[in-house]
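Undergrad: Test case, fold it:
(one chain, ligands or ions: 2)
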Amino acid sequence: MEHYPQTELDVESAASFLDISVQRMQELMERRVLVPNWNEYQHLFRFEHKALQIDIGSVLVQKGNVFSLIRGFPKIKRAMLLGPAIKHNFSDIPRVAVEEKMNGYNVRVILLDGKLVALTRSGHVCPYSSEKANDLLDHDFFTENPQFVVYGEMVGPDNPYVPKKIYDIGSLEFFVFDIRQKNTGLPLPLHERRSLAEKYSFRQVRLFGEFDIQEAPDVVRHIIQDIGRKGHEGVVIKDPKMVLQPIKYTASQSNCSDLQHAMKVYNESGRDFIFSRIVREGFQSVEWDENEEDFRKRCLQLGESILRPMKESIIKVREGERVAEEFTIRVKDRATISRFEEYMRRLGMDVMFSEPKIEDNEYVVHMTKINKSTSDKTLAMWEGQLWS
Ligand code: ATP
Ligand code: MG
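TA: Residues are numbered from 1 along each chain as shown. Ligands and ions are numbered 1, 2, ... in the order given. Predicted coordinates for the structure are as follows:
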């Protein structure tokens, strides 16, 4: 393993950058609110808890005694009923913009010491996403606009977190959905962001258009029905000026596909994750005033999404197998594989890596993540133990 020189946080300069006392700064470090990254990224400190009005996942970057703050991506709240939610949340503006919500994982990209670095939602440097960012994004953007951070979704099948074949993407692509100022986290207005991204040929999430508040609920409903038919995820409804908070809304098919995944690994899935997806179906069904036939279809789809994957897991364990998830990564630089393995290990993820195969000058690695909790619990049931 390579060795990297230890970098310490310059507590005094950091305190002055964040406009707090040295003592408070020391406290943040001691209580591990701020935690250093590892290897060559020891000068990146991520917020593991919210503090000083700075969101969890934000990253403080130290270069010499110059600091910058890369803000975490803010939580987007969800509409349960489109009509009331649009009316209530956007009452001060005449029009909203509707963008596609793509299903992948959230990444922030910055230029650091001559290379692009991709930070995950929690503020870790992901070696796989960083290699992809370097490949997919024009570096000129970052040298010409050093004050900005690019936020987007990594989408596609060669994806170690959220693999999806629902888009016409061969491997993995990066879709920009936000550009924000360093330090303040202030977003660019939507059209300004889109034309800037366009200028550097970044791929972007689709913009369906701008709509009057009155017509928006109906328009979004039709967009969502279409998105659902394609198996895509949903939309994010935004203030074109990016002053008001955006809201998200998803298709029933996407809620159900989340449930399928959650129930396959039922013992590791959060109860809230499952429950909120069922509640969404109730509200959508009522708001869209569907007829009995459509309602029955929804019931069947919801029920199947819950029970079928679970049934498959239970059978799997009965046949002596373990419940597991499969992922694929595809890299150009072989070193990225070992970096990614180390990264997974550091995060405490129990993942098995296959030997790399060479395909089109790239290394392809399959990863298997055993769902230990679901496998063990299911086996215990087959052995006659009681649920609790
Ligand atoms: P959140 O805390 O934002 O609710 P979550 O993990 O619950 O996060 P999601 O339900 O997937 O996430 O919804 C928000 C996420 O959607 C964002 O963090 C972002 O990664 C993703 N996203 C995809 N497309 C867009 C878009 N067009 N605009 C904004 N975010 C988008
Ligand atoms: Mg998502």
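
Undergrad: Helices of the stretch 101-250 of the chain, start to end?
TA: Secondary structure of the stretch 101-250 of the chain (DSSP state H, counting those that start in this stretch): helices at 127-136, 139-144, 190-199, 216-230.

Undergrad: To ligand 1, which of these lies closest?
TA: Nearest of the helices of the stretch 101-250 of the chain to ligand 1, taken as CB to the nearest ligand atom: helix 190-199 at 9.8 Å. From N, CA and C alone the C-beta is placed, and that goes for glycine too.

Undergrad: Verify the stated contact: L34 with L44.
TA: No: using CB atoms under 8 Å, L34 is not in contact with L44, being 10.3 Å away.

Undergrad: returning to what we had before: I'd like the helices of the stretch 101-250 of the chain as CSV, with distance to ligand 1, mean pLDDT and mean neighbour count appended.
TA: Listed next are the helices of the stretch 101-250 of the chain as CSV, based on distance: least, CB to the nearest ligand atom, whole Å; pLDDT from 0 to 100; neighbours: other CB atoms under 10 Å:
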stretch, distance to ligand 1, mean pLDDT, mean neighbour count
helix 127-136, 12, 97, 22
helix 139-144, 19, 97, 14
helix 190-199, 10, 98, 17
helix 216-230, 12, 97, 17
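
Undergrad: can I assume I278 sits in a strand?
TA: No: going by DSSP: H, G, I helix; E, B strand; the rest coil, the assignment for I278 is helix, not a strand.

Undergrad: residues from the stretch 51-200 of the chain in reach of ligand 1?
TA: 73, 75-76, 99-102, 106, 153, 177 (CB under 6 Å from any ligand atom).

Undergrad: try 5 Å
TA: The stretch 51-200 of the chain has residues 75-76, 99, 101-102, 106, 153, 177 near ligand 1, with proximity defined as CB under 5 Å from any ligand atom.

Undergrad: need the contact list for the closest residue to ligand 1 within the stretch 51-200 of the chain.
TA: Relative to ligand 1, the nearest point of the stretch 51-200 of the chain is N106 (3.1 Å; CB to the nearest ligand atom). The contact partners of N106, taken as CB atoms under 8 Å, 6 or more residues apart in numbering, are 73, 120-121, 151-153.

Undergrad: Then Y151?
TA: 73, 106-109, 176-180.

Undergrad: Most neighbours out of these, which is it?
TA: V109 (27 neighbours; other CB atoms under 10 Å).

Undergrad: what about it, distance to E341?
TA: Taking CB to CB, to the nearest Å as the measure, V109 falls 22 Å from E341.

Undergrad: and if you look at K297?
TA: 44 Å.

Undergrad: quick one: which of these two has more around it?
TA: E341 (17 against 13).

Undergrad: would you say the more buried one is within a strand?
TA: No: if the criterion is three-state DSSP, then E341 is helix and not within a strand.

Undergrad: ok, the nearest residue to it once chain neighbours are set aside - contacts?
TA: In space, and not counting its chain neighbours, E341 is closest to F353: 5.7 Å by CB to CB, 6 or more residues apart in numbering. Applying CB under 8 Å, 6+ apart, one finds that F353 lies in contact with 337, 341, 365-367.

Undergrad: what are the bridge partners for the closest residue to F327 other than its chain neighbours, then?
TA: Nearest residue to F327, sequence neighbours excluded (CB to CB, 6+ apart): M367, at 4.4 Å. M367 has the following beta-bridge partners by DSSP bridges: F327, F353.

Undergrad: May I see the ChimeraX selection of the buried members of the residues of the stretch 51-200 of the chain next to ligand 1?
TA: Only the buried entries of those go into this ChimeraX selection, using 16 or more other CB atoms under 10 Å:
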select :99,101,102,106,153,177
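
Undergrad: packing partners for whichever helix in the chain runs longest?
TA: Ranked by residue count and defined by DSSP state H, the top helix of the chain is helix 292-318. Counting contacts by 3 or more CB pairs under 8 Å, 6 or more residues apart in numbering; DSSP states H and E, helix 292-318 packs against helix 252-264, helix 271-287, helix 372-382.
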